[in-house]
Structures are given as structure tokens and as C-alpha cells.
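Engineer: Coordinates for the following, if possible.
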Amino acid sequence: MNYITHIPLLMQVQRTQTPAEEEEEEEETEELGHVDTYADYKPSKSTIGISHPDIVVETNTLSSVPPPDITYTLSIPNLTINCGLLSALQLEAIIYACQQHEVILQNNQRAGFLIGDGAGVGKGRTVAGIILENYLKGRKKALWFSVSNDLKYDAERDLKDINAPTIPVHALNKIKYGDTATSEGVLFATYSALIGESQAGGQRRTRLKQILDWCKPGFDGVIVFDECHKAKNATSTKMGKAVLDLQHKLPLARVVYASATGASEPKNMIYMSRLGIWGDGTPFKTFDDFLHAIEKRGVGAMEIVAMDMKVSGMYIARQLSFSGVSFRIEEISLDDDFKLVYNKSAKLWAETLAVFMRAADELCLVSRKSLWGQFWSSHQRFFKYLCIAAKVRCLVELANKELEAGKCIVIGLQSTGEARTREVLDENDGHLDRFVSAAEGVFKALVQKHFPSEKPRREKAPGNKRKRKPRGRQPKFPKHTMVDPGGVINISDDSSTDTDGMDTDSNSSPDSLLDNNNDDDVIFVDSKNTWIEEMKQDLLNKIADLGKELPLNTLDELIDKLGGPEKVSEMTGRKGRVVRRPDGSVRYESRAEQSHTIDHINLKEKDRFMCGEKLVAIISEAASSGISLQADKRVKNQCRRVHMTLELPWSADRAIQQFGRTHRSNQVTAPEYIFLISELAGERRFASIVAKRLESLGALTHGDRRATESRDLSKYNFENKYGTKALDKITKAILGHIESKVSPPKGYPGGDSLFFRDMKHGMMDVGIFCKEPRFGLSTEKDCSITKFLNRILGLEVHKQNSLFQYFTDNFDYLIEKDKKEGKYDMGILDLAPGNDEIYEEKQETFMTVGNPQDGQVVLYKISVDRGMPWEEAYEKAQNLNSPDEGFYLSYKLRGNHPCVLLAEQGRGRNFIVYKPNIGKQAHPESLDNLQQRYRKVTPDQAKDSWESQFNFSFGKCSHANWNGKCKKIEEGQECLQGMRLRQYHMLCGALLRVWKRVADVVSDITSSSILQIVRLKTKNSNKQVGIKIPENCVARVRVELLKMDEEVKRRRKEREQHAQEQRLAEQRQLQDIHLPINQLPSMEVLDLTVSSSPSPDSTEGVLGLISLTGGSDFDLERLISRHPPHHNSVCVCLSVDPTL
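Structural biologist: Numbers count the residues shown, from 1 in each chain. Okay, the predicted model is just below:
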């Protein structure tokens, strides 16, 4: 795991330079590089428990900072610990969570804890352990929120597994509204239940109030937000607001956030109000301030947040090692017949857009927001179904090949197409004798339900609120989200895939998917305007003709081709499916079996797969949270899993959940992942979103970085500032507003001029360009990357591929341009990668403000000796076998000696070059280039020059070596060119608290807002991650840090003085009333022990109270557990102050 890829900070200058200048430039690039992403993980401070059954890793960045010391004592029985029911990793998380729960934040709410463990590490057992620990401490009630009611059985299993079967689990969806009679135990509910309400009996009752009533005021038990990324977008979704509201109303509750994807993007942290990162007493007053600061600082900033959280004891994040997991992308080519159908569809959609606009204009519709929201979401869904259908044949072939090889298959799918099947079922009075096309259903439903139509005239009678029944309406269509009375959300193609998760064009019309009573929603009436009805009917006829060629519902077709329901385990949210009977006929059947309700059928299907009765499993999002399908050592089916994603999920959160189904703890073999992506350019949009998240989570970059296949998906990531700029450039170029610096794709039929003309028409056909009466043709408002990549799905195949190529060419051009100008943010890089000669020369410590504890930052001065001694070079040369490998001397003399280097065979004709003064050179050299300037020599011939250059370069630059003097040095400046010894300044520690101050100084001096985050490992194996402070900024940064240090110390002194005055007042009061000390009421004694945080140089209180309480927060339980009561304890408490 130590493969190194060097990333140059400065681009190589063009080849017109002299060789000397080339060498200079190359040497200066050797500074930063990427090293392996993950490090093996073992608990560093916790010593109890048996080690985890599988190899677990942590990001290199997190592994460079230690967690806080442990002060909490567990109550979990030794039997549970010694039997390994909870592993050492899980026990460590339980200890830190309970320890963090002892802290009270400055807003008087109890601090929360975030478990960021990846899928398969065992978050369920960890959470069960936290509940058990609190239960044993007398806190008998707990709340557990998750994404599906089915996971209640998993919660019960987890409690049973850790020897706590006596703690009951009550399902909220089985309890009547208003009923709070349930006794102690765990109340298990889904996030959607949080917003549930009932109007039964004329009374409005809400689940939220019912939960609060059950908890009772002053509740200090555990609240678990499992899979808490489901509560994201807390300000914009009702569910997110309810999660925040619950935390606000139960300020003393012990909150645990659990999510593998929780801290991957800052905007998803809005509901984590108990972490104390923003709010009173922090550098960020509001969440928005925090979000802005982090997003502005680039890709490494989130890792700094994670480090800060780990150091503060509020976060832990481990993942299963991905060693043994293989990734590959299968890009599928489309056959001519499919392309023909796709192109016909694109043309019909373009015609439909024109017809919709004509009808809307004719009817003079004013508000069209809902109309276009529905139109574009249907457009996206239609082409998504086509994209998926293109892959079915290839997937079936791959699956059969893997099954023959003795493996078993898991297929990840998002949409089930159930809504369309049910519509056809309704139309045919419950009978179905054919497979249904989901794509046709989406198109047809749009025209039937949302075609612009004339509104009926009606007089508003006072108080008349009777609902109008439209005439001539088609059979009722299912609503977008179907929730059955048990609260289980049925995932269908009109369900959460299209609302919560799908980035539809309802960005421009956010209410469109929910607002089915909007003014311009269609009400079917006898229209006088038969022309509009004719247009509508004409479209429906064309859709019916196209429907004969459109592919069938993917899920039904897959099950059919892989052997039918007898061979395939289906774990989805749909209630029924279309199946082929043995006689060849087709019929619709319910998925429920006699002995099982629909709720339990997915669990039953899972068992059939795990015991080997069925070797193919298809999972949709309904099953992708919490379900385990790995090659578990405890189950019969231990074949290697091949996990194929036919359809990358809409959001990366969901992708991570699906990938974690087959890669979990206690498995015999690691899975293989296959991503099926068709050559349709627009489909890469789905991959781009997922790639962005997988990249930030490192889910595809585990293990050996040399395996190029493990990083392939990153090339589809366009959702960043470069994507936005590239989109702006191409739209302006196509409209003719600017001259394009990037030429259109070569080989476009008809050349460049036809390319621009076709693209202009194409982008009008998909609604990216709109005609404005005053301004002519212009780009649609809010045209984001997401929207652009959604919409181009609706272009003909060759057009969308050419447009996408033009977009990516512009994207690459902009990145290269920024790299050349040094503006490209490369994330967290390694200082002197592969070089162990790093020394800490000097360090200065400064205090920082915290919530509630104060923290500190350390400014290090670091020296890096990057040279390669002769002994090391000679040893390396002994292992080289190729005739062109070995030592080389330059034809040209430099000073008294020629230049010397060691060449090692790289890829192809390229050679890795080592030099005495800089070690490994950043760029490889081609053999031709090497032989032009150098001649091959023996080690004996190279030795003198090597040692001379190695020794000379320790304290002098290359210019002094080559020319005998250096102009810069003579002018009194510093010159580091080619020197072995380099010095850097690096700021480490609680960086989040000083981020803004440091960034302001650096941007003021260097005009760049990017703070380069680096990590290093010193000679004595100390790992450090921090901000690299440019040399010219060090003095100003030091001044800022000193100011803050003085501020913190002043506040501490004030707090200590205040505490001392309080103690004096208390003592005077005692003397006045002449109470013997041993008769004091216990509460008063405890008040006297409340003390402010000590200054760095003050000593700890006699009882260790100050280190126990972490500031002004006091916890009696922990005090008693660490210090058994004895006669003198109260007296000692009162005599802390020597003046008393």
C-alpha cells in the first residue's frame, strides 16, 4: 500500500528550453505527491475486546491524528466482551460515544457522536452496544430511527447477538397514534414516520408529539439516527426539519448519528447539530458560515473537518479493507436496431415539446412551472429506462458466464417499473397477458395527464368546497409515493427514485413533482377547442406506434431471462410482477406468498439466496439499506459474489449502500464489482454523480493504487467548478457569442459549421436553449451540469456523443490551463513522498477557542533531506538487469563534474530517474532523451561525481555547483534550486478553529484562497497532516495565532478568577450559617467543585475533576465511578484553593 504517484506543482516548461533549464524546472516540481489512501486500523487508546474478524482500514489523513484519551468506564459485562460478541473496534466506538455524551455544549445541549464506519464494519452491533450500556446505567428508554421498518428485525437481532435480548424493541408503526403506554425499551421508527400525522376522530395527532410524550421532559436516553444521511437537506425537507426539531426539544438526549456517508459532503451535515462545530463559541456562527468556509477551501477541507472531529472525540470512521475486491467497468456498445429506436424516440420527444409549447401558447397559460417540471422529469425517466434496457442482453451474458464459473450474482437496480405495470393492470380490469414497457408508460402518462388543456369555467359558490370529478379521465394513476398503511414506502419508478433522489429538472420548478393541484394541472373536460384535443390524440397515436418497438420492463425481462422467479431472488419494494408460466403464457402475480406478508417477503428471498437455493439476487433501493448478502462464513452459499450495477443509483449515498451489501465483515471471499455503462454520452451523468462521492469516500481507491481499474469511474466526474465553466463555454460557443478555443470533435459529418448548427437545434429540442421575445435565443436559467447531462439524453445518439465529447474537451482544457497557472486544487498531498529523511526542527504551540474544550494548533518548521546517498544508489543499481538501466553521466560538465543520474526501467520506453541531490525525479525520462544528453557508465565511474554532488548540494544551490556562484545569493536573496535540504512550515492540530484567520492572511499575501493541505511522516515515524504555510506568510500567520492564544488565555484567566470568587462567597456563606462541613447537602458540595478549564500550565484539581469534566461540564456518575466515596472527599473538594 505504499505505491506513490507524484503530482507536479508546476507544469514542465516547453521543450524549447535548454537542458539546464529543463532540469531546474523538473527539480522544483519534486515537492508533493499522492500516497496510498488507507492505512490498517487498530484501536490506539482502547485496550479491551477481541480483535475484529476482518482487516479494517482508516483513511491516511484520519490515521495521522490520535483520538482523545479514554476517561469513561464501561458497564457492559465482561462475559459479552471476552466472548467477542462485540469486537475491539465496536467497543472502542461505544466508549468514545458514551464519553462524548458526558459533554454539555455551550448552548446547553448534550454533545452527540458520529459513527462514520463503512458498510459491513458492524454499526448495528455498535449502536446496540451503546443502547445496552445506557440501559445498564439506568436509562431504560431509547429511540432508534432507520430507513425501513424491516430493519427492526435487524435491531432485535443485534441486541440478541450482544446478549441483551431482554431489551424489547417496539415498532412505532404498530402503535396507534396518541398511545404512549409503551413501557421501557427501544422505540423503533422510520424517518418517514417522524412526519406522520393522523386526523382520525377529528383530532390532529402527530408521531413527533407521540414520541416526545413517550420520552417525557428531561429525557437523557439514547437517540440513534441510523443511516442518518437520509435526513439530509434538513432545511428543505419536512423530514430533515423534524430531525432537527426532535434534537432541539430533547436537549439532554444522548444523540448518536450513524452513517457510512455522513461526513463525506459538508451540506449533508446540517442535521448534526450536536457536534458543536458551528454555533455559539465556535468560529462559525451558523451552519451556512461553516458550509461556505469548507466548500470554498476545496477538496481537502472535509478531511480536515473529519480530523478535527476525531481529535475532539466526536467521530470515528473505519472501513473494511477492499483488498481482494476487484472493480471493472464494462462499457457496452449499442446495436444498430437499438440506435434506430433511440433516435426515433428523441425525434418524437422533440416534436412533443413543440406541441406542448404550441398548446400552452394557444391557451395563454401563465404559470407553466408545474407543466415543465412534469415534462422534463418524464423525459429523463423515459431515456433512463432506454439506457438501462440497452444493457440487459450484455448483463445476462455476463451473469451466465459468472454462474458457470461457480460464482453467484447480485444485480443492483433502482427503479422497478411497477407504476406502469399497475396502470396497464387497471386499464385491463386486473388482467395482463404481456410484458409491459415502462418507457412507453412514462411517455403516455405525461400526455394523458399533463397535456395543456382548457380550464372549465365555474362559479365559486360561497363555502362550496366540493371536489370536481373530471369527466373523460383515464383510470386513476398511482401517486408519486405510495405508502401502505404499515408505513412501508413502496419504491416504484414514480416513487422516491423520482422525487427525493432524482436530480430532475424540478430544480427550476421545485414544486412540480408534489404540486398536483397547481393551477395549470390538467383537468379533462369537454373542450370546445377540438384542435388541441386532436394534437393530443395525434401524439398518443405516435407514442402507441413507437411503443411497439420500445424495450420491455427491465426487471421483469431480467428475471425472465435469468430463469424466472424460481431461480432469482427479488428484493425490491414492488407488490407484484409479470411472469412467464411453464406453458409460455404471461400473467401478473402478487409477490406475497401464503405464509408471508409483502413486508416479510424480501427477508424470505434473502434467506433463499444465502442458503444457495437461488444463485441470482436482484436488489433495489428498498432492499439496499442494512441487508447483508456477502459470502458469509455462517451461511451455506459461500460462492464469490459478483455485484453488477445495471443502473447506478441517482445519488451516491445510495450507491455506497448498495456496494456495502456484498462487502461486509466475516466473509469468505471479497466480491467483484462490475459497472455497466452504455456508450450513450448522457448516461455518464449518472456515473458522474456517483463517482464524485465514491472519490471523496475513497470507496474505489482502496488497496493498491497501481490497479488503474480501481479509479476508472473518476473520469466521469463533471460535477464541479470546471464542469460549470465548460458548460458556460460550450453554450456561448454554440450560440456564437464567443470564439471557441477548443475545436469541435473531429470527424463530425458535415464539418465544424454543421456541428454548431446541429447542436444549436438539438439544444433547442431538449429545452436548454429557449427563444426569448426580446433577446432572441438564450440559455435556460439555472442550467446546471445535472440538467445539461439529463437533457442531452434526449438527443439522437451521434449528436449527444459529439456534444458530450465537445463538453469533455472543454472540461479537460480548463483543468490543464489551471494546472499550468498553479491554480489547480489537488486535495491532500504528501510532502516529500517516499522520503523518510524528514526532521522536525522547531515547533510552537498556540491555544485555540473550542466548544466546549479549548484546543491547540502547532506550527512546525520541518526540514526535508531529499538526497540519495551513494550507498543507497549503488544498492539499487545492483538489482537492475536491463541493458539500458544503470548510471549515466552527462556529456556536458557542470562545474568540475558532469551531471550524474541512475536510470531504472519504467513503463514502455520511459525510465525513472534518481539524482544525488533530489532523489527520485518527478517525471520519467524517455530513453531517447536520456541518450541524447547522457552516456552510460559503470558504478565506479559514477561514484566520484555522485558523492561530490550529494555533499555539495546539502547547503548550496545548483547554480553555485554549476557556475561557481549564484546571482540570487549575491543579491542577498534565498535560492533553494536543487538543494538537498528543503524547509517547510506546517500548521497542525485543531485547524478548523483557525482556518478562516489563516486563509485570510494567505489570500491577502498570495492572492490565492487555496490552502494546500499536506501530510508527512517524520524520521521518528510521527504522522502529521496540516496546512502548508507559504514561506512569505509565516510571520503574519504567527502574529494572528499569538493574538488568538492571548485571547484564549485571557478568557481562561477570567473564568478561573470568577470560579475562585464563587468559592470564596460560598465559604463565607458557610461560615455565616456555621454548618459542619460533613452535613452539607450534596448538591451544594457539587456546585463548589464546578471549575473552569485549567490553563495549560495549571495543575489538575485534587480529584481530577478538571480533566474529568472537560471544561465547565460536570458529571457525577463518572466522578463516583472513578473515585469511590471516602470520608475526606468533600473536605478535599473544598480545599482546592490554597487561600481558603
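Engineer: end-to-end on stretch 544-561?
Structural biologist: 25 Å (CA to CA, to the nearest Å).
Engineer: Show residues contacting that stretch.
Structural biologist: With CB atoms under 8 Å, 6 or more residues apart in numbering as the test, stretch 544-561 has contacts from 341, 344-345, 348, 385-386, 388-390, 392, 395-396, 411, 413, 416-417, 420-421, 435-440, 443-444, 565, 568, 570, 572, 574, 577-580, 618, 646. (C-beta placed from N, C-alpha, C; glycine too.)
Engineer: Now which of these would you call buried?
Structural biologist: 341, 344-345, 348, 385-386, 388-390, 392, 395, 411, 413, 416-417, 420-421, 435-440, 443-444, 565, 568, 570, 572, 574, 577-580, 618, 646 (16 or more other CB atoms under 10 Å).
Engineer: Now do the contacts for residue 798.
Structural biologist: Residues in contact with residue 798, defined by CB under 8 Å, 6+ apart, are residue 749.
Engineer: And for the one 4 residues further on?
Structural biologist: Residue 802 makes contact with 744, 745, 748, 755, 759, according to CB under 8 Å, 6+ apart.
Engineer: Name the nearest residue to the second one, sequence neighbours excluded.
Structural biologist: Leaving out its chain neighbours, the residue that sits closest to residue 745 by CB to CB, 6 or more residues apart in numbering is residue 805, at 4.4 Å.
Engineer: again, but for the third one
Structural biologist: Taking CB to CB, 6+ apart, and ignoring the residues beside it in sequence, residue 748 has residue 755 as its nearest neighbour in space, at 4.4 Å.
Engineer: try the last one
Structural biologist: Distances taken as CB to CB, 6+ apart place residue 734 nearest to residue 759, at 4.8 Å, with adjacent residues excluded.
Engineer: Residue 280: how many residues sit nearby?
Structural biologist: Per other CB atoms under 10 Å, the neighbour tally for residue 280 reads 11.
Engineer: For the nearest residue to it once chain neighbours are set aside, what is the enclosing helix or strand?
Structural biologist: Among residues not flanking residue 280 along the chain, residue 106 sits closest, at 4.7 Å (CB to CB, 6+ apart). Remark: residue 106 resides in no helix or strand, with elements defined by DSSP states H and E.
Engineer: can you tell me how far residue 106 sits from residue 282?
Structural biologist: Using CB to CB, to the nearest Å, residue 106 is found at 8 Å from residue 282.
Engineer: Of the two, which one has the most company?
Structural biologist: residue 282 (20 against 16).
Engineer: surely the more buried one meets residue 289?
Structural biologist: No - applying CB atoms under 8 Å, one finds residue 282 not in contact with residue 289, separated by 9.2 Å.
Engineer: and the residue nearest to residue 745, which of the three is it?
Structural biologist: helix (DSSP: H, G, I helix; E, B strand; the rest coil).
Engineer: That one: how many residues sit nearby?
Structural biologist: The burial count for residue 805: 15, using other CB under 10 Å.
Engineer: Residue 1057 too?
Structural biologist: 11.
Engineer: Okay, buried residues for the helix or strand containing it please.
Structural biologist: Following DSSP H and E, one finds residue 1057 within helix 1034-1073. For helix 1034-1073, the neighbour count (16+ other CB under 10 Å) marks 1034, 1036-1038, 1040-1041, 1044-1045, 1048, 1052, 1055-1056, 1059-1060, 1063, 1066, 1070 as buried.
Engineer: just stretch 209-221 next, same as before
Structural biologist: Buried, per 16+ other CB under 10 Å, within stretch 209-221: 210, 211, 212, 214, 215, 219, 220, 221.
Engineer: repeat for stretch 365-376
Structural biologist: For stretch 365-376, by 16+ other CB under 10 Å, it's 365, 368, 369, 370, 371, 372, 373, 374, 375, 376.
Engineer: didn't the second one look like it was pressed against residue 361?
Structural biologist: Just to be clear, that refers to residue 368. No - using CB under 8 Å, residue 368 makes no contact with residue 361, being 10.0 Å away.
Engineer: Tell me how far the nearest residue to residue 183 once chain neighbours are set aside lies from residue 80.
Structural biologist: The shortest distance from residue 183 to any non-neighbouring residue, by CB to CB, 6+ apart, is to residue 168 (7.9 Å). Going from residue 168 to residue 80 by CB to CB gives 19 Å.
Engineer: cool, and residue 58?
Structural biologist: Taking CB to CB, one finds residue 58 at 25 Å from residue 80.
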